[in-house]
Structures are given as structure tokens and as C-alpha cells.
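K.L.:
Attaching a predicted model along with its sequence, questions to come.
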Amino acid sequence: MAVESYRKVETFKESDIKTKTVEADVLIVGGGMSGCGAAFEAAYWAKAAGKKVILVEKAAIERSGAVAHGLSAINCYMGLSDRSQFTNNKPIALEEFVRYVNLDMMGVSREDLVADYARNVDDSVHLFEKWGLPLWKDENGKYVREGRWQIMISGESYKPIVAEGAKKAIGEENLYERVFITHLLMDKNDPTRVAGAVGFSVRDPIFYVFKAKTVIIATGGATGLFRPKSTAEGMGRIWYAVFNTGSGYAMAIEAGAHTTQMEHRFIPTRFKDGYGPVGAWFLLFKSKATNAYGKDYTENVETIAPYQPYASATPVPTPLRNHQMIEEMVNGRGPIWMRTDEAIGKLGAGDPKKTKKVLDEAWEDFLDMTVDQALLWAANDVEPDKTPSEIAAAEPYLMGSHSGCAGLWVCGPDDLMPDEYKTLFPLQYNRMTTIKGLFAIGDNAGASPHKFSSGSFAEGRIAGKEAVRYSVEQNFEPTIDDSKVAEMKKKVFKPMETYEQFKDATTAEEINPNYLFPKQTLWRLQKIMDEYMGGISTWYRTSDAYLAEGLKRIGKLREDSEKLAARNLHELMRCWEMVHRITVAEAHGEHLRFRKETRWPGYYYRTDYPKLDDKEWKCFTVGRRDPSTGSWNLQKVPYVQVADYTI
Ligand code: SFD
Ligand code: AMP
């Protein structure tokens, strides 16, 4: 689509919009890493069972989602080839990884889910290699490890390679691209069971009704909730995928699914302004980061001493590493510098050939994954072997696949899921949410972080297989309430009607008391979240009183979102992205309010409960928004250690 067409005014009356109904057994929403994994695996089992799998994506899967512009590492790879180790109930060989993930979450994670994707992930990585992804190899033909669990790739084309695999598996005819999903459909005869989803084409005036026995949500995390550091012409330059606007979370919440750990967020430490990731520098190049006075602040163990036993973990948990850095900045010892010059100097050891190799790898790291960072270096004449580069903590992102674990409560594998969880939530299909037939994967599955790209794909495969099993075993035909669908269609296209109705009531299009555009809604949301819910302007600090006020303001914004206006289909998508973001923001606020402690300093601080409180809060928060009243109910769910390790 040409740039002009985003700006062009082309509204449609609801009556001029065609409705297309598509039937399937398994509907996958989102064609990112986890969605592609789900498609690949579901297609295999569906073929044998005579079932139909479709995938719906708001963009084009070849370059969509977090991996759209490539990656330079696969951050989840176990390197365990002997699968016979996993036949016992306990994930013996994976204990080290599960321990690492759990400590990184400051003691609270769904170890059953973590062990489950981890025991399956290697196979997916080998598949990527078979499909043509170049993995770095050393002189002995072994993968080059960035760190203990991370391996290096030349991954600019990672997503096209993975997408091709998924596309071939399900068949082009079952792929619906540039279709934005807005709502889930519940079954007419059983409102606790999912029966499909609705959405619209962002290119043509078509309303889609997808009728399906089971739905897998794979729409990534939620970005753009908080005011970002990038402003004005840099707006939109953030670390995580701008395309991921919390759709899966929001749609599941609106349908009454249980959420977990939605107070959790990820604050990535990144190269300032370009958002270049730091992992390769810390782990592969063994770089140090220092404060303005040249001191390696990670040696400041007293800063994190109050957060034992987690502070003694190796590596120090991600939030605590952030905390060490933030303390430097807050106390006037910033800016913080990644000592790229020293690291390259050490690795090059005075040998020009060696130095050139390291330099090439350093540039490739960004060119493969965060091309903007490479451009920023080039634009500023940065020679990383000569000068250090500034790093900083970014704005918060809600996600469940990186070092963040916000998401939905899902069923674990039968052999690993603790009885406590089985009793509380009697679910029978791995990765199914508390809504019958609705599965959640990747960023959408909560309390199970560190999946990254590969683990998300592997988790998609787990869910894809289970969704087909569900569609075979559950003997029902989804029934759709036609009058509800008609209502939804009206609602979905309302922003266009609002615009047409009121556009002449102003001489300045953007200033109109009758409507608001999505961008204006975005700014208002980001201001509320930033100032009341622990964004960058308060150094991630909040309290009950601030949260209460923030939630009140989110409530008003939700009311006003009824008046969103759209001038074309693209802007209509922006409207619905905002509606989804508002629901996720509310969930975040409710969960933050419920957990009365500071469990993840460096991610956020409760100034009224500044301490970590293992006695009361070493547990999951689980929430549910009542779909009919909109009120939230939160509960504690005990954390259960599954793997055999000691802290
Ligand atoms: O360096 C709708 N990630 C990294 N993973 C790694 O393995 N190695 C790395 O090097 C990584 N790094 C990294 C990473 C991400 C980013 C942005 C950068 C650097 C700059 C993390 C992984 O990418 C991430 O964990 C997975 O991709 C998560 O998978 P998933 O499936 O949960 O999300 P997705 O891939 O973004 O896909 C979501 C899809 O949904 C679509 N979508 N479609 C229809 N209707 C709607 N309403 C929709 N809403 C969203 C999206 O378009 C997208 O296709 S590093 O930092 O660690
Ligand atoms: P990042 O580039 O920050 O996304 O990190 C990539 C991978 O390296 C993730 O698995 C991180 O958890 C890990 N990582 C990043 N920095 C460090 C560090 N200083 N110590 C240990 N692990 C790290």
C-alpha cells in the first residue's frame, strides 16, 4: 500500500461492507513465531484427522511480528539430544534451565510450562536449520553459543524462512493476511466455549466471521501502553514489535479468560535511542558496562542485597541487573556506557584480523536484528572499537516470551503440571486457557518466560497438536448467534460512521468535540500509564493511590473510546488496537494494585510496599474480568516448584 493511501479518506457504511464467513476446525490468530509453530504442527495432525486449519494475520507473515526485521541470536536452545532423559515425571536434564528461569522471575514461574517448551525446543531449532537458517558454527561444527542457553545466527531472514515453513504446511488457501481480528466469538449454546472470531480486512471492505471449534491466540505482547522514550520524529521506534498491541490478551480478557502475572512487565536495558539489544555484548563479547565514572556498577552487590535469595543467583536476575543500573542513574552517576571499545580491544588482542572479525560480528548483531541501531551508529560516526555507547532502561512492555511473563493462565502438560493447578483449574488440553477451546501461546501464555523466538515456535507446536486433538475429541459443532455477529459488525465499523457523522462540525479535523482519533487516544493512554502506573517519568515507581487514580482515568478513556473515529481501513485497525491496549492497561493496573510488594525492583517499584515479601507473595496473581459487569476479581495461586533444584 502506498503511503498516500494510509492518509486517504475512504470510509464505508456498515451496509456497504461485505460479510465473509469462513469455517475451520482450528483457527490461529497471529502468524508470528508461535503462530507459525502452531500452524506447522496443527497442519500435520489435521491432515491425518481430516481437519481444517486456518491462520489469520493482520500483516503478512513473511515479515510480521517481533521477528519482522530479523534476529541475531536464538535465545532458547538447550542442546540436549538425549530425549530419553525426559520420560520421568521430573525434567531431570532441564533442571538447570528451569532454575535459571525461575530465579530470573524472582522465584515465581510456571515451571511445568517452562520445562515443557524447553524439552521440545531443540527440535524446532534443528528444523529452522533444515529450512535454511544460517546458524553460526565453530571450527568443530558446533553451534556458537552466545551464552549458556543462547546461540548465534545470521538471522536477517529468520522470519521469511519460518513463515515459508508454516505457509507450506497449511497451504496458501488457508492463510488470511491483512485481516485484523477484533473479537472472539462465543458459542451460542455454551457461552463458556469459544466458537471463532471476527475481524476485518485492512485493505478491502470485508467483515470476516471465522467459525471454528478451537482458536489459538498468538498475537504477541502489548507495546505502546507506556509513553516511550522516543518522541516526535522518533515515535514508533521502540524495542518490541509495534505491531503487537495486546490483542490476544484483550480479546481473551473480554471473553472472561483468567489472566496471570499481568502486573509483570519487561524493562529491557538497551543501547540508547536505537534499542539495540545488549545480550551479545554482555555474553558473547564479554563487555562490561560502567557508570559515568568508569565503575562497573554490576559489582555493587549492596544495591541488590535486600533481595535475597535471588540476588545471589548467577546470573543476577534481569530486574536486579536493571535495578543496579537504575540506582546509578537516579543517584547522579549516569549515563551508563557499554564499553564496546574495551571489549573489542580485549578480544582483538592487538591482532588486526581478529579485531576485524569481532567488529564485523558487532555490526552484524545490529544489522540482523535492530537495523536502526546500526544506522544510528553510522549517523553518529560511532566506531565501536574506539568509543563506548550509551545504554539505558527502556519503557515497559507487557509480554510473556522474553524476560517478562504477563499473560493468560493456561493448562500445562499432564506429566508435569502440579496437582494444585489441576484442582484449581481442571483443564485437559495443554496450553488451553480457562475458556473451553481457546489456547494461548508465545507472549500470550503467562508465567512462562524465556521462550524467545524458538521456544515460542515450540510452544505453538505443542498447542497446535493439542488443538487438533480437542477438535477431534470434543463432539460439538460451533453455533454462532447471528444477531450478535450483526451487532459486532456494527460496532467494528462504528468509528467510520462516527467520522462521517461529525467531520463537518470542525474546521480543524483533529480538533472535534465529537470524536477522537486513535493517535490522540494513544497519547492519552501513554500519559496515564507513564504517570500513574510506573513508567519512565517516575523511574518505574507507583503506589496504590497512583494506581487507583490511573485506573479511574483508564475507565474514562474506555468510555471515550466509544467515540473513536477512523478515516480509512488502516485507521480503523489503529482504533481497535487502541481498544485492545486499553483493556490490557486496565488488567495491568488491577494486577499491580493486587500484588502488595515490590517483587521485581528494576521492572517496577511499589513505593508503599517497597520490600520483597516471599511469605505473602511468592505466588501467582490470577485475575478475571467479569464480561458482564467489567469488574475484576483477583486471587493468589500458590507457586509450586516442579524441577528438582535448590536456590
Ligand atoms: O536480542 C495479529 N526476541 C528474541 N528472540 C530470540 O530468540 N533471540 C533474540 O535475539 C531476540 N531478541 C529480540 C526479540 C524481539 C525483538 C522485537 C527484538 C529483539 C528487537 C523475542 C522474540 O522475537 C519473541 O519472543 C517471539 O517473536 C514471540 O513470539 P509470538 O508469536 O508471541 O509474537 P510475534 O512473533 O511478535 O507474533 C505476533 C503476531 O501476531 C500478529 N497480530 N494478527 C491478527 N489480528 C490481530 N489482532 C493481531 N495482533 C497481532 C502480529 O502481526 C504478529 O505477526 S533480543 O532482544 O533478545
Ligand atoms: P538481550 O539482548 O538483552 O535481549 O539478551 C539476550 C539474552 O541474553 C537473554 O537470554 C538475556 O536474558 C541474556 N542476557 C542479557 N544480558 C545478560 C547479562 N548481563 N547476564 C546474563 N544474561 C544476559
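P.N.:
Thanks, I have the structure now. Quantities reported herein were computed from a predicted structural model and do not represent experimental measurements. Ligands and ions are numbered 1, 2, ... in the order given.
K.L.:
Next, give phi and psi for the residue in the stretch 501-647 of the chain that ligand 2 sits nearest to.
P.N.:
The nearest approach of the stretch 501-647 of the chain to ligand 2 comes at Gly602, 12.4 Å away (Cβ to the nearest ligand atom). Quick note: C-beta positions are derived from backbone N, CA and C, even for glycine. The phi/psi pair for Gly602 (degrees, to the nearest 10) reads phi 110, psi -20.
K.L.:
next one: Ala280
P.N.:
phi -60, psi -40.
K.L.:
What about it, how many residues nearby?
P.N.:
Ala280 has 23 neighbours, counted by other Cβ atoms under 10 Å.
K.L.:
again, but for Thr387
P.N.:
For Thr387, the neighbour count with other Cβ under 10 Å is 14.
K.L.:
what's the pLDDT at the closest residue to it other than its chain neighbours?
P.N.:
Spatially, and ignoring its direct neighbours in sequence, Thr387 is nearest to Asp341 (5.9 Å; Cβ to Cβ, 6 or more residues apart in numbering). Note on Asp341: pLDDT of 97.
K.L.:
what sits against Cys76?
P.N.:
117-118, 121, 149-150, 450-455 (Cβ atoms under 8 Å, 6 or more residues apart in numbering).
K.L.:
who touches the residue of the stretch 501-647 of the chain closest to ligand 2 in this structure?
P.N.:
By Cβ under 8 Å, 6+ apart, the contact list for Gly602 reads 267, 318-326, 393, 540.
K.L.:
Please apply the same query to Tyr240.
P.N.:
Tyr240 neighbours (Cβ under 8 Å, 6+ apart): 66, 221, 223, 266, 268, 397, 399, 402.
K.L.:
among those, which are in strands?
P.N.:
Assignment to strands by DSSP state E places none of the contacts of Tyr240 there.
K.L.:
quick one: the closest residue to ligand 1 within the chain and Gly248, what's the gap?
P.N.:
Residue of the chain nearest ligand 1, by Cβ to the nearest ligand atom: Gly32 (1.6 Å). To Gly248, Gly32 is 10 Å away according to Cβ to Cβ, to the nearest Å.
K.L.:
Settle it for me: which of the two has more neighbours?
P.N.:
Gly248 (37 against 32).
K.L.:
What is the neighbour count of the closest residue in space to Ala447 that isn't next to it in sequence?
P.N.:
Once flanking residues are discounted, Ala447 sits nearest to Arg110: 4.1 Å by Cβ to Cβ, 6+ apart. Using other Cβ under 10 Å, Arg110 has 32 neighbouring residues.
K.L.:
Can you work out which residues contact both of Gly32 and Gly248?
P.N.:
218-220.
K.L.:
Tell me where the longest helix sits in this structure.
P.N.:
Counting residues, the longest helix in the chain under DSSP state H turns out to be helix 569-594.
K.L.:
does it come close to ligand 1?
P.N.:
No. Against ligand 1, helix 569-594 shows no contacts by Cβ under 6 Å from any ligand atom, the least distance being 7.0 Å.
K.L.:
and that helix, average pLDDT?
P.N.:
pLDDT averaged over helix 569-594 gives 98.
K.L.:
now what about the helix or strand just after that helix, what contacts it?
P.N.:
As assigned by DSSP states H and E, the chain's next helix or strand after helix 569-594 is strand 605-606. For strand 605-606, contacts defined as Cβ under 8 Å, 6+ apart pick out 534, 539-544, 592, 595-598.
K.L.:
show me the contacts for the closest residue to ligand 2 within the stretch 251-400 of the chain.
P.N.:
In the stretch 251-400 of the chain, the residue found nearest to ligand 2 is Gly279; the distance is 2.4 Å by Cβ to the nearest ligand atom. By Cβ under 8 Å, 6+ apart, the contact set of Gly279 is 73, 75, 146-147, 150.
K.L.:
Kindly recompute the last result at 10 Å.
P.N.:
72-73, 75, 146-147, 150, 268-269, 365, 369 (Cβ atoms under 10 Å, 6 or more residues apart in numbering).
K.L.:
for Ile61, same thing?
P.N.:
Contacts of Ile61 (Cβ under 10 Å, 6+ apart): 30-32, 35-36, 39, 55, 68, 159-160, 162-164, 166-167, 175, 177.
K.L.:
tell me which parts of the stretch 251-400 of the chain are close to ligand 1?
P.N.:
Residues of the stretch 251-400 of the chain lying close to ligand 1 by Cβ under 6 Å from any ligand atom are 277, 279, 369-370.
K.L.:
ok, Leu564 - contacts?
P.N.:
By Cβ under 10 Å, 6+ apart, Leu564 lies in contact with 494-496, 498-499, 515-518, 520-521, 571-572, 574-576, 578-579.
K.L.:
Residue of the stretch 451-600 of the chain closest to ligand 2, please.
P.N.:
Phe452 (6.8 Å).
K.L.:
Gly464: what secondary structure?
P.N.:
With DSSP: H, G, I helix; E, B strand; the rest coil as the basis, Gly464 sits in helix.
K.L.:
these two touch, right, it and Asp25?
P.N.:
No. If you go by Cβ atoms under 10 Å, Gly464 and Asp25 don't touch, sitting 11.6 Å apart.
K.L.:
So which of the two has more stuff around it?
P.N.:
Legend: neighbour count by other Cβ under 10 Å for Gly464 and Asp25, higher for Gly464 (34 against 21).
K.L.:
most centrally placed residue in this protein?
P.N.:
Geometric centre of the chain, nearest residue: Gly221, 2.7 Å, by Cα atoms, centre = their mean.
K.L.:
what helix or strand is the closest residue to Lys51 other than its chain neighbours on?
P.N.:
The shortest distance from Lys51 to any non-neighbouring residue, by Cβ to Cβ, 6+ apart, is to Asp25 (3.9 Å). Using DSSP H and E, Asp25 sits in strand 18-29.
K.L.:
one step back: hmm, the residue nearest to Thr387 is touching Thr355, no?
P.N.:
No. The pair Asp341 / Thr355 is not scored as a contact, 11.2 Å apart, by Cβ under 10 Å.
K.L.:
Could you name every residue contacting both of those two?
P.N.:
Counting by Cβ under 10 Å, 6+ apart, the residues touching both Asp341 and Thr355 are Asp385.
K.L.:
coming back round to it: please narrow the contacts of Ile61 to those residing in strands.
P.N.:
55, 175, 177.
K.L.:
domain assignment for the chain?
P.N.:
As assigned by automatic domain parsing, the chain contains the domains 15-220+399-474, 270-393, 489-619.
K.L.:
interface residues of the stretch 301-450 of the chain facing ligand 2?
P.N.:
Near ligand 2, when you scan the stretch 301-450 of the chain using Cβ under 6 Å from any ligand atom, you find 315, 318, 321, 403.
K.L.:
my guess is the last one meets Pro317, correct?
P.N.:
Yes. Look at Ser403 against Pro317 with Cβ under 10 Å: they come within range, at 8.7 Å.
K.L.:
Residues in contact with both of the two, list them for me.
P.N.:
Shared contacts of Ser403 and Pro317, counting by Cβ under 10 Å, 6+ apart, come down to 104-105, 600, 603.
K.L.:
So which of those residues wins on neighbours?
P.N.:
Trp600 leads the shared contacts of Ser403 and Pro317 on contacts (other Cβ under 10 Å) with 31 neighbours.
K.L.:
Phi first, then psi, for that one.
P.N.:
phi -120, psi 70.
K.L.:
In contact with it, which residues?
P.N.:
104-106, 108, 263-267, 307, 310, 317-320, 322-323, 403-405, 540, 612.
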